[in-house]
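Take this sequence and fold it.
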Amino acid sequence: MSKNKKNTLNDLESLRMVYSTNPDAMKQDEPEIETPPANKQTLKVRLDRKQRKGKTVTLVEGFVGSNEELETLTKTLKTKCGVGGSAKDGDIILQGEFKEKVVELLKQLGYEKTKAI
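Residues are numbered from 1 along each chain as shown. Below is the predicted model:
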């Protein structure tokens, strides 16, 4: 006494494959990166001229945390130094030579393990 089960439309829809040209269609949400406290982070501040057509920039490297926190810190440093700059991949780039000033500002903000290279 076997019972034949008929497939319903709802059962078939769950098996249907879908193709999309949208690259974000299959992306899953990435987990939020937790930002450690400022006194636990080690930041390195140095000057750089490589691949910048001879113009000097101040690099702050080693930031760990969310992009929002990085953008906030970047905005603070840009405002205090009165220059332009950007943030990318945990690094902050400020236009001009501000190594000593940035080290002092970071220490005031609680980044105690800041080194000037």
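
next helix or strand past the strand ranked longest in the chain?
Of all the segments of type strand in the chain, defined by DSSP state E, the longest one is strand 42-48. Later in the chain than strand 42-48, the nearest helix or strand by DSSP states H and E is strand 57-61.

Point to the residue nearest the middle of this protein.
The C-alpha lying nearest the average C-alpha coordinate of the chain belongs to N67 (C-alpha atoms, centre = their mean; 3.7 Å).

how close does that residue sit to P36?
Going from N67 to P36 by C-beta to C-beta, to the nearest Å gives 15 Å. Where you see a C-beta, it was placed from the backbone N, CA and C, and this is true even at glycine.

try L59
If you measure L59 against P36 using C-beta to C-beta, the figure is 20 Å.

of these two, who's got more company?
Per other C-beta atoms under 10 Å, whichever of L59 and P36 has more neighbours is L59, with 18 against 12.

My guess is the more buried one contacts I92. True?
Yes - if you go by C-beta atoms under 8 Å, L59 and I92 touch, sitting 7.2 Å apart.

how near is the residue nearest to the centre of the chain to C81?
Distance, N67 to C81, using C-beta to C-beta: 21 Å.

can you give me the offset of the lengthiest helix in the chain from its chain's centre?
Ranked by residue count and defined by DSSP state H, the top helix of the chain is helix 67-81. Counting by C-alpha atoms, centre = their mean, to the nearest Å, helix 67-81 is centred 12 Å from the centre of its parent chain.

Pull out the buried residues from that helix.
By 16 or more other C-beta atoms under 10 Å, the buried positions in helix 67-81 come out as E69, L70, L73, T74, L77, K78, K80, C81.

How about stretch 55-69?
Buried residues in stretch 55-69, counted by 16+ other C-beta under 10 Å: V57, T58, L59, V60, E61, G62, F63, G65, E69.

do stretch 91-101 as well
For stretch 91-101, the neighbour count (16+ other C-beta under 10 Å) marks D91, I92, I93, L94, Q95, G96, F98, K99, K101 as buried.

so is the third one in a helix, a strand, or just coil?
Translated: I93. Here I93 is recorded as strand under DSSP: H, G, I helix; E, B strand; the rest coil.
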